[in-house]
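Chemist: using only what follows, build the 3D model:
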Amino acid sequence: MPDGIDVTGDTMLHLYLDDFGLLKDEEYQKIAEYTISKMKSIGVLSHFSKHNPDFDKIEMLAEKHKDKKNIILIGQGGQIQPVISYYESLAKIKSDKRFFVMNTQDPDMISYVKQNCLPKDSLVIASSKSGNTASVLEILFSFQEYPLVAITTEGKGTLWEITKRENNDYLLVADDIGGRYTGTSESAYFPLCLLGANVKKIHEGAKRFYRGCDLGAQVETNLPLKAAVALHEAEQEGYTEVFVPIYSPMLFGFGNLIMQLCHESFGKRSKGLTFVCAEAPESQHHTNQRFFGGRKNMVGFFIRNAEFSNDMDIKCPAGWADIPYAKGTLGDVKLPYSTAVHFEFQGTQKDAAQSKIPNIVLTVDRVDEENMGELMAFWQFFAVYSSVLRDVNPFDQPQVENSKKITKELTLEFDGKYEEKYIKVRYEAQ
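Modeler: So this is what the prediction gives:
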């Protein structure tokens, strides 16, 4: 890669910034120290990084339900996105259980899951901090006969009332942790424990990374702060969009969580960036055109893993070796599959550098529990720092509440007949 800023601390993650002068070292130091001092003065507390999960209860409930073949997770948003992130990276190709995410009232999906998952072989996990999430309750109605573990707030909400009435097992959500920041709490760890992931290892990785983000830690090696400052400066220069190609199908599970953390945390008061996460190298066949050929308001944020658990050499069958290919023949293609993936990434990143597009590269050593804990912690603190830099609250989401309110009103007013209703906007010629 071309000359840029390479940041490495006491972590398994590595950050590379190629920003073409948007951010000098002395400027970063000044802004970073100001950000930390502002967090101290206004009392921004990252409760998620101080939380101590109840591993004893997590493991007790996981042992109780270990024979269930089907795990059905009902939830939406931050209560389930960390689970999906970990599942795709750590359990999808390893677990002997089937995992279903129910985040929509889609009747076809509900019917499919019920037809393929008998109650005696299944466990439903309903996750809602408020306990009043309409979609969670409505989906749960269809699984009333299934064993249930609720993850919710003690003494509050409808889900808690159902749990106590039916004497179901439950885990408590920490009052001071918002949904999108639950990646190192019971909400994420219990489903993952059932699916075979070592959640204590995940937590070890996250805790190690959190220490580097303490208010008293060195800002020079604070990776999420470095990235947050760089992208905030890019926004001041007119960049409004961030293309996030993720060069691993296992890491791509983090895509929706990244967008939620960023959009809900600091997309406020007409500030913030739009994050477009895409699985790479497939994204090279759609969004690369926008990245390089569209409006010049997009920066790059590449995510990749350096090592693979398995590798194989690419070997052309002998009978095809003489077929012309590029400037040689197919027989000239001799490299490991892992190197082929790295070359796909380098092709796009080097093109961005040559095109003078600011970009960041976040490299994960390997896809395992500790690294995924660090990756979760990185994006959590990136969202917090990015919010503080823009003077907005990292822990609320005021603009998502009205649509929820409208949905609940429509549900309660429903008289048995559905009609397509749209708000019509009339555009007058000026």
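
Chemist: sec struct for P245, please.
Modeler: What DSSP: H, G, I helix; E, B strand; the rest coil gives for P245 is strand.

Chemist: can you get me a residue count around the residue nearest to it when sequence neighbours are not counted?
Modeler: Closest residue to P245 apart from its sequence neighbours, by CB to CB, 6 or more residues apart in numbering: A280 at 3.7 Å. For every residue, glycine as well, the C-beta is placed using N, CA and C. A count of nearby residues for A280, using other CB atoms under 10 Å, gives 26.

Chemist: ok, A280 - contacts?
Modeler: Going by CB atoms under 8 Å, 6 or more residues apart in numbering, A280 touches P245, I246, Y247, F302, E344, F345, T348.

Chemist: isn't the third one right next to G347, touching?
Modeler: No - in terms of CB atoms under 8 Å, Y247 does not count as a neighbour of G347; the distance is 10.9 Å.

Chemist: which of the two has more residues huddled nearby?
Modeler: Set Y247 next to G347 and count neighbours by other CB under 10 Å: Y247 wins out with 24 against 13.

Chemist: now do the same contact list for that one.
Modeler: Shown in contact with Y247 (CB under 8 Å, 6+ apart): A280, P281, F302, I303, R304, N305, V341, E344, F345.

Chemist: my read: the fifth one touches V361, true?
Modeler: In this case it means R304. Yes - using CB under 8 Å, R304 makes contact with V361 at a distance of 7.1 Å.

Chemist: still on that earlier bit, distance of the residue nearest to P245 from L195?
Modeler: Distance of A280 to L195, computed by CB to CB, to the nearest Å: 26 Å.

Chemist: how far does stretch 153-161 sit from the chain's center?
Modeler: In terms of CA atoms, centre = their mean, to the nearest Å, the centre of stretch 153-161 is set 27 Å apart from its chain centre.

Chemist: try stretch 222-236
Modeler: The chain centre lies 18 Å from the centre of stretch 222-236; the measure is CA atoms, centre = their mean.

Chemist: just the residues contacting that stretch, thanks.
Modeler: With contact meaning CB under 8 Å, 6+ apart, stretch 222-236 is reached by 5, 7, 9, 11, 13, 15, 17, 19, 22-23, 27-28, 31-32, 35-36, 212-213, 219, 239, 242, 271-273, 299, 301, 358, 360, 362, 378-382, 385-386, 389-390.

Chemist: state the mean pLDDT of stretch 321-333.
Modeler: For stretch 321-333, mean pLDDT is 96.

Chemist: just the CA trace of that stretch, in PDB.
Modeler: Only the C-alpha atoms of stretch 321-333 are listed here, as PDB (Å, rounded to 0.1, in the frame of the first residue of the first chain):
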ATOM      1  CA  ALA A 321      -3.000 -25.300 -18.500                       C
ATOM      2  CA  ASP A 322      -2.300 -24.200 -22.100                       C
ATOM      3  CA  ILE A 323      -5.500 -22.200 -22.500                       C
ATOM      4  CA  PRO A 324      -4.700 -18.500 -23.000                       C
ATOM      5  CA  TYR A 325      -5.400 -16.200 -20.100                       C
ATOM      6  CA  ALA A 326      -4.600 -12.500 -19.700                       C
ATOM      7  CA  LYS A 327      -0.900 -12.200 -20.900                       C
ATOM      8  CA  GLY A 328      -0.100 -15.900 -20.400                       C
ATOM      9  CA  THR A 329      -2.000 -19.200 -19.900                       C
ATOM     10  CA  LEU A 330      -4.100 -20.700 -17.100                       C
ATOM     11  CA  GLY A 331      -1.100 -22.800 -16.100                       C
ATOM     12  CA  ASP A 332       0.600 -19.500 -15.000                       C
ATOM     13  CA  VAL A 333      -1.900 -19.000 -12.200                       C
END
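
Chemist: who does the lengthiest strand in the chain pair up with?
Modeler: When the chain is parsed with DSSP state E, its longest strand is strand 298-305. Taking DSSP bridges as the criterion, strand 298-305 sits next to strand 241-246 (parallel), strand 359-364 (parallel) in its sheet.

Chemist: pLDDT of it, averaged?
Modeler: 97.

Chemist: which helix or strand lies directly C-terminal to that strand?
Modeler: strand 313-314 (DSSP states H and E).

Chemist: which elements pack onto that following strand?
Modeler: For strand 313-314, the helices and strands in contact under the criterion 3 or more CB pairs under 8 Å, 6 or more residues apart in numbering; DSSP states H and E are strand 335-336, helix 337-354.

Chemist: parallel or antiparallel, list what pairs with the shortest one.
Modeler: Read that as strand 335-336. Strand 335-336 has the following sheet partners, assigned by DSSP bridges: strand 313-314 (antiparallel).

Chemist: check contacts around A174.
Modeler: When contacts are counted by CB under 8 Å, 6+ apart, A174 touches H47, H51, S185, E186.

Chemist: try 6 Å
Modeler: By CB atoms under 6 Å, 6 or more residues apart in numbering, the residues touching A174 are H51, S185.

Chemist: give me the low-pLDDT residue ranges for this protein?
Modeler: 1-11, 19-23, 419-430 (pLDDT under 70).

Chemist: spell out which residues make up each domain of it.
Modeler: Following automatic domain parsing, one finds the domains of the chain at 5-45+213-389, 49-200.

Chemist: which of these sits closest to L410?
Modeler: For the domains of the chain, the distance to L410 is smallest for domain 49-200, at 10.0 Å, taking CB to CB.

Chemist: what ranges do the helices span in the stretch 151-300 of the chain?
Modeler: With helices called from DSSP state H, counting those that start in this stretch, the stretch 151-300 of the chain shows them at 157-166, 186-194, 199-211, 223-236, 255-266, 287-293.

Chemist: flag every buried residue along the second one.
Modeler: By neighbour count on 16 or more other CB atoms under 10 Å, the buried set for helix 186-194 is E186, S187, A188, Y189, F190, P191, L192, C193, L194.
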